[in-house]
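# Make a model of this:
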Amino acid sequence: MKSPEPATTAAASSATTNAPTTGAPTSSAATSGAATSDSAERAIAERNLCGLVGALAKQIEGHIRERAGSLDLTAAQAVALRELTGPMTMRDLADRMSCEPSNATFVVDRLEEQGIVERRPHPSDRRAKLLLLTSEGAALRERLMDLLTEASPLARLTSEEQTILNELLTRVVR
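Just a heads-up that it's a prediction; the model follows:
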């Protein structure tokens, strides 16, 4: 990703060179300079936040991969198990996994082969299937959830801090 600083610096120097050289700057030039400075600061702050969110995502992905491996699961299978909180359609699972339905189908096919998930007819949509954990899958999910919460990158935060972070991220995402 290209850093916004060079463009911001150019805009700031342009504002400086366009200001009158004799006398005090006009109020609109002063306002424009302040707006440019505020805009530059916001751009830098946003870039920093994006970097932090990305770094946290990488830490969480690594944590999931490590914990999943200890249960002979792929990271995608672990995410699917984490998100299977009850009966749901493949589309619902794909949305929760933040992936395409075809990718979720591939993951669920492997979980079904292992006897962890089963597909059942949807009660009101004959085209859809409901995904359910088998008793073996429910026990595996419980072990996975214990492992995922153990030494999680988010465990560095108190419960109150996690609640605040959740509220802030929810506001941004929605």
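# Tell me where this structure has helices.
5-18, 27-70, 75-83, 90-97, 101-113, 135-149, 159-173 (DSSP state H).
# Just the pLDDT for Ala34.
Looking at Ala34, its pLDDT is 71.
# Equivalent analysis for the one 5 residues further on, please.
Here the pLDDT value assigned to Ser39 is 91.
# Name the residues of stretch 166-174 that are buried.
Residues of stretch 166-174 classed as buried by neighbour count (16 or more other C-beta atoms under 10 Å): none. No exception for glycine: its C-beta is placed from N, CA and C like everyone else's.
# Run the chain-centre distance for it.
Relative to the chain's own centre, stretch 166-174 is displaced by 11 Å; criterion: C-alpha atoms, centre = their mean, to the nearest Å.
# before we move on, what about stretch 118-127?
Relative to its parent chain, stretch 118-127 has a centroid offset of 30 Å by C-alpha atoms, centre = their mean.
# Stretch 114-134 too?
The answer for stretch 114-134 is 27 Å, by C-alpha atoms, centre = their mean.
# repeat for stretch 108-118
Using C-alpha atoms, centre = their mean, the offset of stretch 108-118 from its chain centre is 26 Å.
# gap between the two ends of that stretch?
Criterion C-alpha to C-alpha, to the nearest Å; first-to-last residue distance in stretch 108-118 is 9 Å.
# For the residue nearest to Pro87 when sequence neighbours are not counted, name its beta-bridge partners.
Leaving aside its sequence neighbours, Pro87 sits nearest to Leu130 (C-beta to C-beta, 6 or more residues apart in numbering; 4.5 Å). Following DSSP bridges, Leu130 is listed with bridge partners Thr89, Arg120.
# burial of Leu130, as a residue count?
Leu130: 17 surrounding residues under other C-beta atoms under 10 Å.
# Can you tell me which of the helices of the chain is nearest to Ser124?
helix 90-97 (14.0 Å; C-beta to C-beta).
# mean confidence for that closest one?
On average, helix 90-97 scores 95.
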